[in-house]
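J.: Generate coordinates for the sequence data below:
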Amino acid sequence: MYVSIFDLFKIGIGPSSSHTYGPMMAAYQFISSQSKNINNINQISVELFGSLAFTGKGHGTDKAIIIGLSGYMPSKVDKTTIDSIVKKLSETSSINIFDEKNIKFDIKKNMIFNFKNLDQAHPNTMLFKSYDNKNLLLKEEYYYSIGGGFIASGSDLNKQEAPIKIPYSYNSANELLDLCNKENFAIYELVLKNEESVHSDKNIKNEIMNIWSVMNKSIYNGMTNSGLLDGGIDLKRRANILYKKLIKKGDKISTGTNRLDYNPSPDVFALHPAYPNPFNPSTTIRFDIPEQMPVKLLIYDITGRLVESLFNGTIHAGYHEIQWNANQHSAGLYIVKLISSENTFTQKITLIK
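T.: Residues are numbered from 1 along each chain as shown. I've put the predicted structure just below:
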């Protein structure tokens, strides 16, 4: 069975792929499936079973679901936004869905940790329900966090997906090594050949660089921050302490210096694929700037008419993202343009309503 490296290396909040990332995806998927009827939703309830009920608090399952119901994907939310949403929930007992509809949500009443009903289809089972203002059920859906950040819903739990055709198929490490020996490939070369049969070269490069960037930033943040990890179980951060011990001993790190070597700037000017795409009503546009320069980030409709200027000015080097809320625009195809003095990148995005 083919699994893309971009499915294996997921970007999102921790600490757990099955208890944090998966539940957030399930919540996001549940609320997105009702995007056309958001205004009809008056209340949402979530019930957690099995391992999610018993260990969910320590893994941040409850917070992850709140973030997902607010309309955020794991890879598109930062700690500042998470803290803001959680703080608002604690102060107002409400959540704002896609910045469109504010609904009451009492986490003690609307999120149920079910420790009794253990006879479920999967150890990590979630049941989502939405209701209208007359307390009539609008939709209910079971979701299962099946590991590695993957989720399944309802009857799809045991459904077999049609295999994706790739040039080099293998089912074990031994088969992978045999293929490499037969074709005279290094492992990375064979894996890249498979990826190239599914994704464009540009997307592969952009996404690999994005994963590398996030990993590098995570290492840097761990090295430079102390205190307790989030999660409520009072675990101390260790990376900063270990780093200081290594420096004190004079050990060499990274490029041979006696300090943390970290380059927060990208190497190339790049426009990443907008996500989500298609979208309703907002999408996030990420781009990399290797050095300070004047740039424009513009949105055109299919006729070539400029409909919105998201940025026009000088921007510092770094990894940037801007969210476009197209709530005031009609559904259809739009063109994103990232323009510098030397380069212009474009991509198509689709607004659905």
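
J.: Any stretches of this protein with poor pLDDT?
T.: Counting by pLDDT under 70, the ranges of the chain that qualify are 1, 155, 157-161, 230-233, 247-265.

J.: again, only using 50
T.: For the chain, the stretches with pLDDT under 50 are 251-262.

J.: quick one, domains of it?
T.: Annotated domains of the chain cover 5-158, 165-199, 201-249, 270-351 [automatic domain parsing].

J.: quick one: the strands in the chain?
T.: According to DSSP state E, the chain carries its strands in the segments 43-49, 94-97, 101-104, 111-114, 125-131, 137-147, 150-153, 270-271, 282-289, 293-301, 306-315, 318-325, 332-339, 344-351.

J.: For residue 62, which of those strands is the nearest?
T.: For residue 62, the closest of the strands of the chain is strand 111-114, at 5.8 Å, according to Cβ to Cβ. In short, each C-beta sits where N, CA and C put it, glycine included.

J.: Output the contacting helices and strands for that closest one.
T.: Packing partners of strand 111-114 (3 or more Cβ pairs under 8 Å, 6 or more residues apart in numbering; DSSP states H and E): strand 43-49, helix 50-59.

J.: Surely residue 297 and residue 311 touch.
T.: Yes - with contact defined as Cβ atoms under 8 Å, residue 297 counts as touching residue 311 (4.2 Å).

J.: returning to that earlier point: export the domains of the chain to JSON lines and tack on mean neighbour count?
T.: Formatted as JSON lines, the domains of the chain follow (neighbours: other Cβ atoms under 10 Å):
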{"stretch": "domain 5-158", "mean neighbour count": "18"}
{"stretch": "domain 165-199", "mean neighbour count": "13"}
{"stretch": "domain 201-249", "mean neighbour count": "14"}
{"stretch": "domain 270-351", "mean neighbour count": "15"}
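
J.: which residues touch the nearest residue to residue 152 once chain neighbours are set aside?
T.: Distance criterion Cβ to Cβ, 6 or more residues apart in numbering; nearest residue to residue 152, sequence neighbours excluded, is residue 144 at 4.8 Å. Residue 144 makes contact with 121, 122, 124, 125, 126, 151, 152, 153, 157, according to Cβ atoms under 8 Å, 6 or more residues apart in numbering.

J.: Considering these, which is situated nearest to residue 92?
T.: Closest approach between the contacts of residue 144 and residue 92, by Cβ to Cβ: residue 126, at 24.0 Å.

J.: And that closest one, how far from residue 38?
T.: According to Cβ to Cβ, to the nearest Å, residue 126 stands 20 Å off from residue 38.

J.: give me every residue that touches residue 36.
T.: Applying Cβ under 8 Å, 6+ apart, we find residue 36 in contact with residue 353.

J.: quick revisit: who touches both of residue 297 and residue 311?
T.: Contacts common to residue 297 and residue 311, judged by Cβ under 8 Å, 6+ apart, are residue 322.

J.: quick revisit: to residue 320, which of the helices and strands packed on strand 111-114 lies closest?
T.: Nearest of those to residue 320, taken as Cβ to Cβ: helix 50-59 at 30.7 Å.

J.: for the closest residue to residue 19 other than its chain neighbours, what are its contacts?
T.: Among residues not flanking residue 19 along the chain, residue 59 sits closest, at 3.6 Å (Cβ to Cβ, 6+ apart). Residues in contact with residue 59 (Cβ under 8 Å, 6+ apart) are 15, 16, 19, 20, 231.
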